[in-house]
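[1] pasted the sequence and its predicted model underneath.
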Amino acid sequence: MGTEKLTANEAFTKMAVLCSKSERCSPDIKKRLLEHGFEKYDAEAIIDRLKKEEFIDDERYAKAFVRDKFRINKWGRVKIIYYLKQKGLPQKYIRAGLEEINEEKYVNLLLKTMKNKAKSIKSNNRFDKMGKIIRFMQNRGFEPEYIHRHINSVIK
């Protein structure tokens, strides 16, 4: 890649192509523009144009992110929230994204994941097994209250 500076129109086009390939959020695009040497004000102007022309929609991004991480990666809400906050998305978009998770499917995923983990644990000690499952589920991003509410139905 050359060291020549992009014009605002070239940067807009480049970012529009990037956004049309996969869902992006404005903090990601802003970071890229700043890396290309744009001033904060100019980067925000390009982002505003991308939003106006619907290449970027942070709420749409949050919803897609939540759906993918829940369905494909099998993450819990805690982990999803953490990553969306790391991106710098506003709380209102994070909440809107989390509404994509069906409560019944969430509990079913929690139970299925806990049962699969329980099968893979060699220990016969009930408390050792519980501890391993709890730690595993928390690493997956599930809330402790959900884990503790259902742990006894998994360990018999």
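    Ah, there it is.
[2] elements contacting the longest helix belonging to the chain?
    Longest helix in the chain by number of residues (criterion: DSSP state H): helix 103-120. Applying 3 or more CB pairs under 8 Å, 6 or more residues apart in numbering; DSSP states H and E, we find helix 103-120 packed against helix 126-139, helix 144-154. Any C-beta I mention is one placed from the backbone N, CA and C, and that applies to glycine too.
[3] just want the angle from that helix to helix 126-139.
    Going by axes from the mean of the first three to the mean of the last three CA atoms, to 10 degrees, helix 103-120 is angled at 130 degrees with respect to helix 126-139.
[4] let me know the angle separating helix 103-120 from helix 144-154.
    Between helix 103-120 and helix 144-154, the angle comes out at 60 degrees (the same axes, to 10 degrees).
[5] who touches helix 103-120?
    Outside helix 103-120, the residues that touch it by CB atoms under 8 Å, 6 or more residues apart in numbering are 70, 74, 76-77, 129, 132-133, 136-137, 140, 142, 146-147, 150-151, 153-155.
[6] which of these are buried?
    Buried members of those, scored by 16 or more other CB atoms under 10 Å, are 70, 76-77, 129, 132-133, 136-137, 140, 142, 146-147, 150-151, 154.
[7] re earlier: of the helices and strands packed on helix 103-120, which is nearest E10?
    helix 126-139 (42.8 Å; CB to CB).
[8] what is the mean pLDDT for the closest one?
    Per-residue pLDDT values over helix 126-139 give a mean of 95.
[9] using PDB, write down the CA coordinates of it.
    Extracted in PDB, the C-alpha atoms of helix 126-139 (Å, rounded to 0.1, in the frame of the first residue of the first chain):
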ATOM      1  CA  ARG A 126     -19.900 -33.600  42.200                       C
ATOM      2  CA  PHE A 127     -18.400 -30.300  43.500                       C
ATOM      3  CA  ASP A 128     -15.400 -30.600  41.300                       C
ATOM      4  CA  LYS A 129     -17.600 -31.200  38.300                       C
ATOM      5  CA  MET A 130     -19.900 -28.300  39.200                       C
ATOM      6  CA  GLY A 131     -16.900 -25.900  39.600                       C
ATOM      7  CA  LYS A 132     -15.600 -26.900  36.200                       C
ATOM      8  CA  ILE A 133     -18.900 -26.400  34.500                       C
ATOM      9  CA  ILE A 134     -19.500 -23.000  36.200                       C
ATOM     10  CA  ARG A 135     -16.100 -21.700  35.200                       C
ATOM     11  CA  PHE A 136     -16.600 -23.000  31.600                       C
ATOM     12  CA  MET A 137     -20.000 -21.300  31.300                       C
ATOM     13  CA  GLN A 138     -18.800 -18.000  32.800                       C
ATOM     14  CA  ASN A 139     -15.900 -18.000  30.200                       C
END
